[in-house]
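> I'd like to go over a predicted model; first the sequence, then the structure.
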Amino acid sequence: MSKALKVSGFLGLAVMMSVGMYQTYLNATLQGTPTWMIGGHAHLGVLSILAVVLGFAVPALQLTGTLERVVTWAFILGQWGIPLVPWLAIGGGFSAFHLTAFLWGALLILSMLIMAWQAAVQTDASFSGRKTPNPADD
C-alpha cells in the first residue's frame, strides 16, 4: 500500500509541475493564469508531497490490514479529487462537481485522523526497536 501512495505522490508532482509549466506559458504569452488553475495546482503539489511522506509513515507506524487500505485509498482519492474540483467545476464548466469537494476533503481528514490515532498509540520501541529510552533523544 505504501508503494501506491509513493507512486501517486510522485505522479501528482509530475502533473503539478506540468500544470506549472503551462501556467508559465500562459504568463509568458500575456494570457495570464486563471485563478481556478492556480488553486488546483497548489493543492495537487502539497497533497502529492504529503502522499510521498505518508508512503513512508504508514509502514513506520506499522499500519496494516484494513486501516492501511483505508488510509491509502482515502488519501489517494482526496489527493486527486481536491485539485480536480476547481479544474473541472470552474475550468471545465461542470459546476455540480463543486459538491464533491466535501467528499474528497472528508476522505483526507479520515486518513489523517487514522494516522494521528496510530501515532498516538505507538510506543517509542515501535520506532527504534529499543525498549529503553536513549538519553541522547531528550
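Cool, the structure landed.
> ok, the residue positioned nearest the centre of the chain - contacts?
Compute the mean C-alpha point of the chain, and by Cα atoms, centre = their mean the closest residue is Leu47, 3.0 Å away. Going by Cβ atoms under 8 Å, 6 or more residues apart in numbering, Leu47 touches Gly12, Gly78, Gln79, Ile82, Pro83, Leu108. For the C-beta atoms, the positions are set from N, CA and C on the backbone; glycine is no exception.
> now the last one: closest residue in space that isn't a chain neighbour?
By the measure of Cβ to Cβ, 6 or more residues apart in numbering, the closest residue to Leu108 outside its immediate chain neighbours is Gly78, 3.6 Å from it.
> what's near enough to touch the one you found?
Leu47, Trp104, Gly105, Leu107, Leu108, Ser111.
> ok, now how distant is the first one from Tyr25?
Between Leu47 and Tyr25 the computed distance is 24 Å (Cβ to Cβ, to the nearest Å).
> how about Leu77?
Remark: distance between Leu77 and Tyr25 (Cβ to Cβ) = 30 Å.
> who's more crowded, these two?
With neighbours defined as other Cβ atoms under 10 Å, Leu77 and Tyr25 compare such that Leu77 has more, 16 against 11.
> now whichever strand or helix holds that one: buried residues?
Counting by DSSP states H and E, the element that carries Leu77 is helix 65-86. Residues 67-68, 70-86 are the ones in helix 65-86 that count as buried (16 or more other Cβ atoms under 10 Å).
> before we move on, what about stretch 14-28?
In terms of neighbour count (16+ other Cβ under 10 Å), stretch 14-28 has its buried residues at Val15, Met16, Val19, Gly20, Gln23.
> and which of the residues you listed is nearest to Leu61?
Nearest to Leu61 among the buried residues of stretch 14-28: Met16, at 26.2 Å, using Cβ to Cβ.
> what's the helix or strand for the closest one?
helix 2-28.
> ok, now Ala51?
According to DSSP H and E, Ala51 maps onto helix 35-60.
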